[in-house]
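> Predicted model follows, preceded by the sequence.
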Amino acid sequence: MTEEQEAIAQAARDLLGEALLSASVDAGGALVLEVRAERTLDLLEMLRAAVQPPVSRLADLHGLDDGQALAVVYHLFRPGEAFEVTVKAVTPRQRPCVPSVMRLWKGAWWPEREVMEMYGIEVVGHPDPRKLLLPDDWQGYPLRKDYVYPLDHPYLQPNPIHENPFVAGGGQGADTES
Amino acid sequence: MGLKGRNLTQRLSEEQLRRWLDAVAGGVAKRIDDRRLKRAIGEPVRKIARRYADNSLGVLFIRLADEVLNIGRACSLWPMQFGLACCAIEGLMAAAASRYDLDRFGMFMRATPRQADAMLVAGTVTIKMAPALERLYHQMPEPRYVVALGNCAISGGRFYRDAYSVAKGVDRIIPVDIYVPGCPPRPEGVIWGLLQLHAKIRGESLADGPCIEGQRPQWRFRERLKQKATPALLRRPESAGRPEITE
């Protein structure tokens, strides 16, 4: 960790106490701060305002499922520079929710909708919680690790005249055929 | 109940539309049943065709009428552009542009299904798009043909495994006449596929059975043609891909 990253991590630790789960550096050299989901906005506002010069450009917002817990990941940059801070808002699987960062960045509108429909993480305070890409009556959260491919949808079954990709070795699978 | 005072941009459901049509046009929606219309118009023509199919002079006239109608349909096929993804750029727009011209085949892209003969489904069909695709297919007047352009439209293509949102082939949603494989197919390949569609259209006949929804016309007339007609009438001149009546 460089001195600057160390300073930012220390400031985050002072602000959040034990809500900051970890601070590390990833393979690309970016500082990664894992925080509990309810204190996300505090940390993001600190990065935007208290750190000098501020880390204030939200480049990407996406979800993450590492098998244990769900998280929403924010990639923040200094405008014009290559200095990156990654904030992971970790939330448990049972009732995943995360505050909306739309009051800081309007550009989080659609990414948060995508996170809501793909991971099932409820983004609290989002003004437009519709589905973005999936059909409105879709059941399930596709990007979770425990998502089961919906074989009973009439358009999604493998064509029985082709090799069946869900049965090892191909051929006509008895339990997955349409 | 009327549309007065209603926001004109609000979409009505099918049931509401039907009720409004009944209220305005006095029960017209109940009386217009297009299957009945087809039978009322098409059946006398087919009866006449079948009556005159028993002698070779009749067959000659029927074949002449068939040729004229089929050439007219095939050589001015107006596709409804249904470009969804990469195949639209490579297979539809590149084929329709000046280098591999589609206009020389009489093909003029129509944006509306109401004025289109064929539907060229070019690209990946997602499950979200599938109801719209089906609705547009049903809005096309008959005779209509469907060409599945590209691997995604044939079977889901590269999204066949593990893609939760891609329909595995457009033929699960609407009946397809011609499949053009490729990812994307070259414009020459698209033109090859459209010429196969030409051949299919040229092989149809007036005396075939009615085109019931989703099924192709029954090729009943072909059997009769083989029995009654002379070999000269059965033999078609050599040209690209036109099917001979042999089976």
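Perfect, thanks for sending it.
> starting at the chain centroid, how far to the helix ranked longest in chain A?
Identified as the longest helix of chain A according to DSSP state H is helix A:3-16. Here the centre of helix A:3-16 is set off from its chain's centre by 23 Å, with Cα atoms, centre = their mean, to the nearest Å.
> Tell me which residue is most central in chain A.
Among the residues of chain A, the one closest to the centroid is residue A:63, at 1.5 Å (Cα atoms, centre = their mean).
> what's the helix or strand for that residue?
In this assignment (DSSP states H and E), residue A:63 forms part of strand A:57-65.
> Now whatever residue of chain B ends up closest to chain A: closest residue in space, sequence neighbours ignored.
Nearest to chain A in chain B, going by Cβ to the nearest Cβ, is residue B:167, at a distance of 3.9 Å. In short, each C-beta sits where N, CA and C put it, glycine included. Excluding the flanking residues, the one nearest residue B:167 by Cβ to Cβ, 6 or more residues apart in numbering or on different chains is residue A:155, at 3.9 Å.
> dump the residue contacts of the one you found.
Residue A:155 makes contact with B:127, B:130, B:167, B:168, B:172, B:173 under the criterion Cβ atoms under 8 Å, 6 or more residues apart in numbering or on different chains.
> rewinding a little: given the helix or strand following the strand holding residue A:63, what are its sheet partners and their directions?
Using DSSP H and E, the helix or strand that follows strand A:57-65 towards the C-terminus is strand A:70-77. Strand pairing for strand A:70-77, using DSSP bridges, gives strand A:57-65 (antiparallel), strand A:84-91 (antiparallel).
> out of those strands, deepest packed?
Highest mean neighbour count among these (mean count of other Cβ atoms under 10 Å in any protein chain shown): strand A:84-91, with a mean of 22.
> Just the CA coordinates for that one, please, in PDB.
Below are the C-alpha coordinates for strand A:84-91, written out as PDB (Å, rounded to 0.1, in the frame of the first residue of the first chain):
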ATOM      1  CA  GLU A  84      -8.700   4.000  -8.000                       C
ATOM      2  CA  VAL A  85     -10.500   3.100  -4.800                       C
ATOM      3  CA  THR A  86     -12.900   0.200  -4.800                       C
ATOM      4  CA  VAL A  87     -15.600   0.100  -2.200                       C
ATOM      5  CA  LYS A  88     -17.400  -3.200  -1.500                       C
ATOM      6  CA  ALA A  89     -20.600  -2.900   0.400                       C
ATOM      7  CA  VAL A  90     -21.100  -6.300   1.900                       C
ATOM      8  CA  THR A  91     -24.600  -7.500   2.800                       C
END
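> Pull out the CA atoms of the strand holding residue A:63 and give them to me as PDB.
Taking Å, rounded to 0.1, in the frame of the first residue of the first chain, the C-alpha atoms of strand A:57-65 are listed here in PDB:
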ATOM      1  CA  ARG A  57     -15.800   9.900 -10.100                       C
ATOM      2  CA  LEU A  58     -18.000   6.800 -10.000                       C
ATOM      3  CA  ALA A  59     -16.800   4.700 -12.900                       C
ATOM      4  CA  ASP A  60     -18.700   1.500 -12.400                       C
ATOM      5  CA  LEU A  61     -21.300   0.000 -10.100                       C
ATOM      6  CA  HIS A  62     -22.000  -3.700 -10.100                       C
ATOM      7  CA  GLY A  63     -23.000  -6.600  -7.800                       C
ATOM      8  CA  LEU A  64     -20.900  -9.500  -6.500                       C
ATOM      9  CA  ASP A  65     -21.800 -12.900  -5.200                       C
END
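> and the helix or strand following the longest helix of chain A, C-alpha only, in CSV?
Next along the chain after helix A:3-16, taking DSSP H and E as the criterion, comes strand A:20-25. Presented in CSV, the C-alpha positions along strand A:20-25 are these (Å, rounded to 0.1, in the frame of the first residue of the first chain):
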residue,chain,number,x,y,z
LEU,A,20,-14.9,-1.4,7.9
LEU,A,21,-14.4,-5.1,7.3
SER,A,22,-11.0,-4.9,5.5
ALA,A,23,-8.7,-2.6,3.6
SER,A,24,-6.3,-4.1,1.0
VAL,A,25,-4.7,-3.6,-2.4
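> What's the separation between the residue of chain A found nearest chain B and residue B:130?
Of all residues in chain A, residue A:155 sits closest to chain B, at 3.9 Å by Cβ to the nearest Cβ. Noted for residue A:155: a distance of 6 Å to residue B:130, by Cβ to Cβ, to the nearest Å.
> which neighbours do the two share?
In contact with both residue A:155 and residue B:130: B:167, B:173, using Cβ under 8 Å, 6+ apart.
> Turn the contacts of residue A:155 into a markdown table, including pLDDT, secondary structure and distance to residue B:157.
What follows is the contacts of residue A:155, written out as a markdown table (pLDDT from 0 to 100; DSSP: H, G, I helix; E, B strand; the rest coil; distance: Cβ to Cβ, whole Å):
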| residue | pLDDT | secondary structure | distance to residue B:157 |
| --- | --- | --- | --- |
| B:127 | 91 | coil | 15 |
| B:130 | 91 | helix | 15 |
| B:167 | 91 | coil | 11 |
| B:168 | 88 | coil | 9 |
| B:172 | 85 | helix | 14 |
| B:173 | 87 | coil | 15 |
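> Just give me the neighbour total for residue 71.
Since no chain was named, I'll use chain A. A count of nearby residues for residue A:71, using other Cβ atoms under 10 Å in any protein chain shown, gives 23.
> let's do chain B instead
Neighbour tally, residue B:71, other Cβ under 10 Å: 13.
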